[in-house]
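> Predicted coordinates and the sequence they were generated for:
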Amino acid sequence: MNETPKWLHSPTPRYPGVTTLKAIPLAELVPFIDWSFFFRAWEMKGRYPEILQGTDTKAEEARKLYADGQAMLQKIIAENLFEARAVIGFFPVQRKGDSLDVLPLPCNCGLPHSENPIAKLHFLRQQIPLSAEAPCRSLADYFNPHEKDWIGLFALSVGFGVDSFCAQFRNAGDSYSAILAQSIADRLTEAFAEKLHAEVRQKYWGYAPDSATKFGIRPAPGYPGCPDHTEKGTLWQLLQVEERIGIRLTESYMMLPVSSICGYYMAHPKSTYFSVGKLGEDQIRDYAVRKGWDEATAHKWLVR
């Protein structure tokens, strides 16, 4: 059940510690936009560019929406209406079961790595195997259980400037353009995440400098592989997200601006996305202990 993929550990990042990136040219993000998700946000089923093909009403509506989206995108870029910002960081870690001790930089304190953590990251484990051959996985399995390893963290947004721009349309009674602008901001933010992940692989971490090599994942707290939204608080602490780039967390751990993404970078060559699924009471109790919670708090954040 707790089998760890057979490998040593991630290589030391080329740029360990925290790096802040601001005012990324929006035009650089455009090649990374997935327009299929743009149409999905408007409840139009189909993949891009096939959704634009044909003579039926659906294709005509898709072509009009795409043309409007392209025009909005070009206006945003030409007038530099939104700003793209990111903060990334790479930290040494020591695995402790399904949690990670985050160690200080540099990691040459002369003490056992487990004795001097600056933070802890907690993960959950599947409790229903997919098959007899498939182990119940945890994201912690992608880290060496015996030696120091590395994790990446990130937070980014192309949401700066979006609220004021959309407000102009809403105040003019043009809700369509307001929604269109917000959907373009969301696509640019996802594109930024994709572009930055490539740069992490090739440059900032450098574990896969060949651009054709694309292993590694970037799961986000609150999503199926790590469904606890409160883990974002540790990312904010380690990366100093609000101080460095201005993304705030609400009491419910929602990110503001809305068009924001955060998560982990995991470099294990066999890392994949998965859902932990339904949690048993035994794991909820164990997680509560690891987090220093009572069981009621654990149920609040883990049981949906």
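That came in fine, so what should we check first?

> What's opposite the nearest residue to Thr234 once chain neighbours are set aside in the beta bridge?
With C-beta to C-beta, 6 or more residues apart in numbering as the criterion, Thr234 has its nearest non-adjacent residue at 5.3 Å, and that residue is Ala119. Yep, even glycine has a C-beta here, placed from its N, CA and C like the rest. Judged by DSSP bridges, the bridge partners of Ala119 are Val102.

> Chain neighbours aside, what residue packs nearest to Ser177?
Ser177 sits nearest to Phe169 (C-beta to C-beta, 6+ apart), 4.2 Å away.

> can you confirm the one you found is in a helix?
Yes: assessed with DSSP: H, G, I helix; E, B strand; the rest coil, Phe169 lies in a helix.

> State the pLDDT value of it.
With respect to pLDDT, Phe169 has a value of 97.

> Enumerate every residue touching it.
Ser175, Tyr176, Ser177, Ala178, Ala181 (C-beta atoms under 8 Å, 6 or more residues apart in numbering).

> Quick one: mark the members of these that sit in helices.
Ser175, Tyr176, Ser177, Ala178, Ala181 (DSSP state H).

> Drop anything exposed from these.
Taking 16 or more other C-beta atoms under 10 Å as the criterion, what is buried in the ones in helices among the contacts of Phe169 is Ser177, Ala178, Ala181.

> Name all residues that make contact with the last one.
Each residue near Ala181 by C-beta under 8 Å, 6+ apart is listed here: Met72, Ile76, Val162, Phe165, Cys166, Phe169.

> which among those residues gets closest to Tyr253?
Of all the contacts of Ala181, Tyr253 sits closest to Val162, with 20.0 Å by C-beta to C-beta.

> Give the rounded mean pLDDT of stretch 249-256.
98.

> Please identify the buried residues of it?
Result for stretch 249-256 [16+ other C-beta under 10 Å]: buried residues Leu249, Tyr253, Met255.

> Stretch 148-166 now?
By 16+ other C-beta under 10 Å, the buried positions in stretch 148-166 come out as 148-162, 165-166.

> ditto for stretch 70-84
So, applying 16+ other C-beta under 10 Å, buried residues of stretch 70-84: Met72, Leu73, Ile76, Ile77, Leu81, Phe82, Glu83, Ala84.

> Tell me how far it lies from the chain's centre.
With C-alpha atoms, centre = their mean, to the nearest Å as the basis, stretch 70-84 stands 23 Å off its chain's centre.

> Need the residues that contact stretch 12-21.
Contacts of stretch 12-21 (C-beta under 8 Å, 6+ apart): 85-92, 105-106, 150, 152, 196, 203-207, 238-240, 244-245.

> Repeat the analysis, applying 7 Å as the threshold.
85-90, 105, 150, 203-206, 239, 244-245 (C-beta atoms under 7 Å, 6 or more residues apart in numbering).

> Next step: those residues restricted to strands.
Among the contacts of stretch 12-21, the members falling in strands (DSSP state E) are Arg85, Ala86, Val87, Ile88, Gly89, Phe90, Trp150.

> Columns distance to Arg304 on top of these, output as a markdown table?
Below are the ones in strands among the contacts of stretch 12-21 laid out as a markdown table (distance: C-beta to C-beta, whole Å):
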| residue | distance to Arg304 |
| --- | --- |
| Arg85 | 31 |
| Ala86 | 29 |
| Val87 | 29 |
| Ile88 | 29 |
| Gly89 | 29 |
| Phe90 | 31 |
| Trp150 | 31 |
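
> quick one: contacts for the residue nearest the centre of the chain?
With distances taken as C-alpha atoms, centre = their mean, the residue of the chain nearest its centroid is Gly263 (3.5 Å). For Gly263, the contact set (C-beta under 7 Å, 6+ apart) comprises Phe154, Arg218, Pro219, Ala220, Pro221.
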